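[1] got a structure for you, letters missing:
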């Protein structure tokens, strides 16, 4: 366990020196910036916006990025489903746009993608810092703000949440705790055990230890009990299970979190909770997440009934090869 956590600590807390990628993907830890114009251009037909949202609950400005469907501005009445895409530990709201091609991928669907700031708060109301209410902020402030600013479908059937690593944990937890709000919850390389990680397991990994214990408190804290997604699933009644969203999980075979994810998928199977689990070649890095976010978007669009966006047919009369496939 110690050697596995050491590898995980390297992925979560240290810069990656070399990451072979193409396009706008960047190495983890690399210092760079992307202009707003560049972001808009990177999404073939989508529009990308940044909202500087001030959270009264957290007492901070927590920006979020938004990818709008290609036809969003053309229609004044159409409402769209929303997928909330959460970042991982040590990451920020900008990660998905600057380290993956998610804006390009999202342009295929009639879906709004929102990428919020979660800092290192595990999308949980902290047991030790009264103002770090990252779960309450997400549910009580962010969702209403997005609904106010954009033409969203406001029922659960038009709302999904997904994320990587820490964000995968947050997405599954929101699906379990707030089934009336989400029809889909997805996790890529989920760090699914923060509520049960012990002092002994984390004693050699200060950054992870400080984050986990700062948010969840001591082992017997009420915050740990309320946010343990293993127990939330295990204790779910049949009636509760029937109300849950569709869960999607994946993890790379080389990822140190693969066993935790496989065990969690087995628990969902045991409880007969509707889900899909994929384990495929890959590690805990942006190459894997750039690949898998395409699958998450595809499944989310299916579950949220987001129609595929077909580019307009040519208006000229030159011969064409028909509509795109």
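    Right, received. Where do you want to start? Quantities reported herein were computed from a predicted structural model and do not represent experimental measurements.
[2] Going by C-alpha atoms from here, please, whenever you check contacts or count neighbours.
    Will do.
[3] Do you have the strands of the stretch 1-150 of the chain handy? List them.
    Taking DSSP state E, counting those that start in this stretch as the test, the strands found in the stretch 1-150 of the chain are 47-51, 54-55, 60-61, 64-68, 82-86, 112-116.
[4] does residue 70 really touch residue 107, like I thought?
    Yes - contact criterion CA atoms under 8 Å: residue 70 and residue 107 qualify, at 6.4 Å.
[5] okay, which residue is most central for the chain?
    Centroid-nearest residue in the chain: residue 163, 1.9 Å away (criterion: CA atoms, centre = their mean).
[6] Shouldn't that residue be within a strand?
    Yes - Residue 163 forms part of a strand when assessed by DSSP: H, G, I helix; E, B strand; the rest coil.
[7] From residue 290, how far out is the nearest residue to it once chain neighbours are set aside?
    Distances taken as CA to CA, 6 or more residues apart in numbering place residue 86 nearest to residue 163, at 4.2 Å, with adjacent residues excluded. Noted for residue 86: a distance of 14 Å to residue 290, by CA to CA, to the nearest Å.
[8] With neighbour numbers in mind, choose between those two.
    It is residue 86, of residue 86 and residue 290, that has more neighbours when counted by other CA atoms under 10 Å, with 28 against 18.
[9] number of nearby residues for the closest residue to residue 50 other than its chain neighbours?
    Spatial nearest neighbour of residue 50, excluding adjacent residues (CA to CA, 6+ apart): residue 65 at 4.4 Å. Residue 65: 21 surrounding residues under other CA under 10 Å.
[10] for the one 3 residues further on, same thing?
    For residue 68, the neighbour count with other CA under 10 Å is 26.
[11] Test my guess that residue 156 contacts residue 181.
    Yes - at 4.5 Å, residue 156 and residue 181 qualify as touching, with contact defined as CA under 8 Å.
[12] And those two? Which one has more around it.
    residue 181 (21 against 18).
[13] Look at the more buried one and give its secondary structure.
    Assigned with three-state DSSP, residue 181 falls in the coil class.
[14] Residue 153 is in contact with that one, correct?
    No - using CA under 8 Å, residue 181 is not in contact with residue 153, being 11.3 Å away.
[15] what touches both of the two?
    Here residue 181 and residue 153 have residue 159 as joint contacts, going by CA atoms under 8 Å, 6 or more residues apart in numbering.
[16] thinking again about what came up before, which of the strands of the stretch 1-150 of the chain has the highest mean neighbour count?
    strand 82-86 (a mean of 27; mean count of other CA atoms under 10 Å).
[17] Walk me through which strands that strand pairs with, and which way each runs.
    The pairing partners recorded for strand 82-86 under DSSP bridges are strand 112-116 (parallel), strand 159-164 (parallel).
[18] got the contact list for that strand?
    93, 111-118, 152-153, 158-164, 167-168, 170-171, 300.
[19] Tell me the buried residues in stretch 248-255?
    248-253, 255 (16 or more other CA atoms under 10 Å).
[20] re the thing from before, make CSV out of the strands of the stretch 1-150 of the chain and add distance to residue 218 and mean pLDDT.
    Shown next, in CSV, are the strands of the stretch 1-150 of the chain (distance: least, CA to CA, whole Å; pLDDT from 0 to 100):
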stretch, distance to residue 218, mean pLDDT
strand 47-51, 35, 96
strand 54-55, 27, 98
strand 60-61, 26, 98
strand 64-68, 31, 98
strand 82-86, 25, 98
strand 112-116, 28, 98
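[21] Quick check: nearest residue in space to residue 155, chain neighbours excluded?
    residue 181 (7.0 Å).
[22] and what of residue 91?
    Nearest to residue 91 is residue 119, by CA to CA, 6+ apart, at 6.7 Å.
[23] For that neighbour, grab the count of nearby residues.
    17.
[24] from what I can see it touches residue 89, true?
    Yes - when contacts are counted by CA under 8 Å, residue 119 is listed as touching residue 89 (7.4 Å).
[25] Any chance you could list residues touching both of these two?
    Joint contacts of residue 119 and residue 89 (CA under 8 Å, 6+ apart) do not exist.
[26] for the spatially closest residue to residue 242 that is not a sequence neighbour, what are its contacts?
    Excluding the flanking residues, the one nearest residue 242 by CA to CA, 6+ apart is residue 273, at 7.9 Å. Counting by CA under 8 Å, 6+ apart, residue 273 touches 241-242, 244.
[27] which ones among the residues you listed are found in helices?
    Counting by DSSP state H, those place 241-242 in helices.
[28] Kindly provide the distance from the closest residue to residue 154 other than its chain neighbours to residue 120.
    Spatial nearest neighbour of residue 154, excluding adjacent residues (CA to CA, 6+ apart): residue 147 at 7.0 Å. Here residue 147 is placed at a distance of 25 Å from residue 120 (CA to CA).
[29] same question, residue 81
    Distance, residue 81 to residue 120, by CA to CA: 27 Å.
[30] before we move on, the earlier item: would you write a PyMOL line that selects the buried entries of the contacts of strand 82-86?
    Buried members of the contacts of strand 82-86, defined by 16+ other CA under 10 Å, are picked up in PyMOL with:
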select buried, resi 93+111+112+113+114+115+116+117+118+152+153+158+159+160+161+162+163+164+167+168+170+171+300
